[in-house]
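okay, structure incoming, though there's no sequence with it:
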């Protein structure tokens, strides 16, 4: 700065605040900031040389020195016009007025970029370093990542440079943008960040060194000459007309930083360097620093304004870094979001001029420099307030743009994911890596049996059964799956992997992470710990596009489902749970062809109805006993039915075993019935205590699985006996009957009926007893009587779970054969 004319003119006696406002003339570099950046109309009364028209947000000043008219914003944006305590009264919704729009047009008139877009982040990193290191002796300034300089009253001996250099400058957020890519902070990337790790990119600095130093000289010269703030700002914009808006801001900021840094560099070194001491003496810095306490308010205000300048600068740069591949800079969305950036650039430059003038006017201005005028304080505060409102507006617009980018990016990612899921692959690794976010060296899987984490490679070229559910996975379902899973411990053709779906994609965070409450975290851990198979280590590892695919293609809503991926990663069964319930481990490899094979030798009998749910059933079959399975939740009917059935069996010398199978979705009534039956020894039950629930639940879910499986291979109620029989039992359970029962002998004869038919037929057993001359004829005779008995009225209902669109459009009544009416039932039963 030695080659710059910073000498002040002769200094008259200090003026009072009132005298400054009405003085017809003014001396440059006198009375602080107002001699440089305050509008002429605020310093002196209007004369025939100056025409002032005051509006709500602006004034027009005819400047005869340049022969042109310029629009000078007043009110909130105007320096020194706010009254004390009025900063928060500005209506933000009407902030950008028509006069601001006129100013924006004037600013845009200076913009004629013909220079290639430059990456000015390295230059801004240098500026931030200067702002952080060049601090008053009585203040220590720490640069907060994200663009904030904080002045602390206590000196901090050591600054954590490493922490500063390795922290991103993004304000927000979950995303850091770089050219045409968007990076997720939840992943690990090779990416550059704002800070000294850039090594300040010497090439960019070299290219911009000349305009920076030119603007630096302009700032000093215009300040010394007492230039009017709006005029000087427009002059600098014209000088930088060839550069982008972001480059204009950073070049001007760097130019200010040169003066700012030199000022404080001399102050720092004057105590130990003779050259610095002499320069400081000529600048009168020793006297300035001797009264640093009196200047603290001025320093604090300048630092606060610089904070706002830095924040808005970062936001302007971030707009430029939005990737063109997702949002074109010529698109309506981008143009609308960045419409006020020219105005923001104007106020940043004007604010930097204020800060420069404030510091330069400390040099050689005598005792008056220690007085911070009210007008000066308003000036700086109003600018800081103005920039804070601009920042808030730009942040809102940037969020809108980022959301737009995220939506476009997610659509592209989703399309790529769909292509992966529908393409042929050598093995299943490409599909699995697309579903889960993890690095090569990470272990995203948790094995429930060994309690260890594993890499995705453990699933390579295997059948993978994706157990998809939310955190409300029924424990009885887990218990039955666990029991079936134990049956294949010696087989390694397939592995089960729990994939929890916690969030809907429309409510997931921008980064895609599943934000879970402590209660959800506990529920996840509790479920994972009871699973012997694999699960993801955390729900956040499931890619957002995978969740969307699961909902849209596999139709997952709430009911658990088991999707089978073959060794090549191709979905071979969109829900194998019905096959698992129906056939257990025999369902492997869970394909439609294998399902047809399993059904080929099956007929409707007790083994198909009850399978091996209870170990006693196969024994009863071998012993040629009549087996009766019955259900319901009316304990009085159960007492009457079991006693009457035993009475008939004894009278006809039929060996009878009865087993209570409860009701689908067993509640308290079924539990109570189970306990009463066991206590009064009315019949056999699955188990005493709480274990009965798993058996009852499995009996009914397996029956529904059989019906579903039969339907998947192309069978209908009209042309398939097995489907009709299954549908009858499901209808018995759904209707408001007191109960129902099925009687079977061996694996051949089987019949069934509801309470309205069974009790009258059993009560009249004497009339058809002659048909039962041997025990093996009992079921046939009972079936003939049931088929011939037709109640005068009937009401049959069928309730099927709404899952995966597998419910038939047409279902016929098991009693009369008519098409049943279809209704939608929403049920919430806490019994």
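Structure received. Since the structure is predicted, the reported quantities are computational estimates derived from the model, not experimental observations.

in the helix or strand harbouring residue 481, what counts as buried?
Element membership for residue 481 (DSSP states H and E) is helix 475-486. Neighbour counts using 16 or more other Cβ atoms under 10 Å place 476-481, 484-485 of helix 475-486 among the buried residues. Quick note: C-beta positions are derived from backbone N, CA and C, even for glycine.

which strands and helices sit next to it?
helix 577-583, helix 692-712 (3 or more Cβ pairs under 8 Å, 6 or more residues apart in numbering; DSSP states H and E).

what pairs with whichever helix or strand comes after that helix, parallel or antiparallel?
Downstream of helix 475-486, the next assigned helix or strand under DSSP H and E is strand 494-500. Strand 494-500 has its sheet partners listed here by DSSP bridges as strand 463-469 (parallel), strand 534-536 (parallel).

got the angle between the first one and helix 475-486?
If you take axes from the mean of the first three to the mean of the last three Cα atoms, to 10 degrees, strand 463-469 sits at 170 degrees to helix 475-486.

average pLDDT for strand 463-469?
On average, the pLDDT along strand 463-469 is 93.

tell me what the nearest residue to residue 786 once chain neighbours are set aside is bridged to.
Of all residues not flanking residue 786 in the chain, residue 753 sits nearest, at 4.6 Å (Cβ to Cβ, 6 or more residues apart in numbering). Residue 753 has these beta-bridge partners by DSSP bridges: residue 741.

what distance do you get for residue 753 to residue 648?
Noted for residue 753: a distance of 14 Å to residue 648, by Cβ to Cβ, to the nearest Å.

between those two, which has more neighbouring residues?
Set residue 753 next to residue 648 and count neighbours by other Cβ atoms under 10 Å: residue 753 wins out with 24 against 20.

and the helix holding residue 481 with helix 692-712, angle?
Counting by the same axes, to 10 degrees, helix 475-486 lies at 70 degrees to helix 692-712.

need the contact partners of helix 475-486.
Residues outside helix 475-486 that contact it (Cβ atoms under 8 Å, 6 or more residues apart in numbering) are 467, 496, 527, 530-533, 560, 580-581, 584-585, 693-694, 697-698, 701.

apart from its chain neighbours, what residue comes closest to residue 350?
residue 233 is the one closest to residue 350 (Cβ to Cβ, 6+ apart), at 4.7 Å.

for whatever helix or strand that neighbour lives in, which positions count as buried?
Using DSSP H and E, residue 233 sits in helix 229-239. By neighbour count on 16+ other Cβ under 10 Å, the buried set for helix 229-239 is 229-237, 239.

quick one: which of those residues is nearest residue 575?
Taking Cβ to Cβ as the measure, residue 575 lies nearest residue 237 of these, at 64.5 Å.

so that closest one sits against residue 112, correct?
No: Residue 237 is not in contact with residue 112 according to Cβ atoms under 8 Å; the separation is 10.7 Å.

tally of neighbours for the closest residue to residue 444 other than its chain neighbours?
Computed as Cβ to Cβ, 6+ apart, the closest residue to residue 444 that is not its neighbour in sequence is residue 438, at 4.1 Å. Counted with other Cβ under 10 Å, the neighbours of residue 438 add up to 18.

quick check: phi and psi on residue 438?
When read as degrees, to the nearest 10, the backbone of residue 438 gives phi -170, psi 150.

can you pull the contacts of it?
Contacts of residue 438 (Cβ under 8 Å, 6+ apart): 444, 456, 541.

and for residue 413?
Here residue 413 is in contact with residue 545 (Cβ under 8 Å, 6+ apart).

on that earlier part again, got JSON lines for the strands paired with strand 494-500, with mean neighbour count too?
Below are the strands paired with strand 494-500 laid out as JSON lines (neighbours: other Cβ atoms under 10 Å):
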{"stretch": "strand 463-469", "mean neighbour count": "22"}
{"stretch": "strand 534-536", "mean neighbour count": "22"}
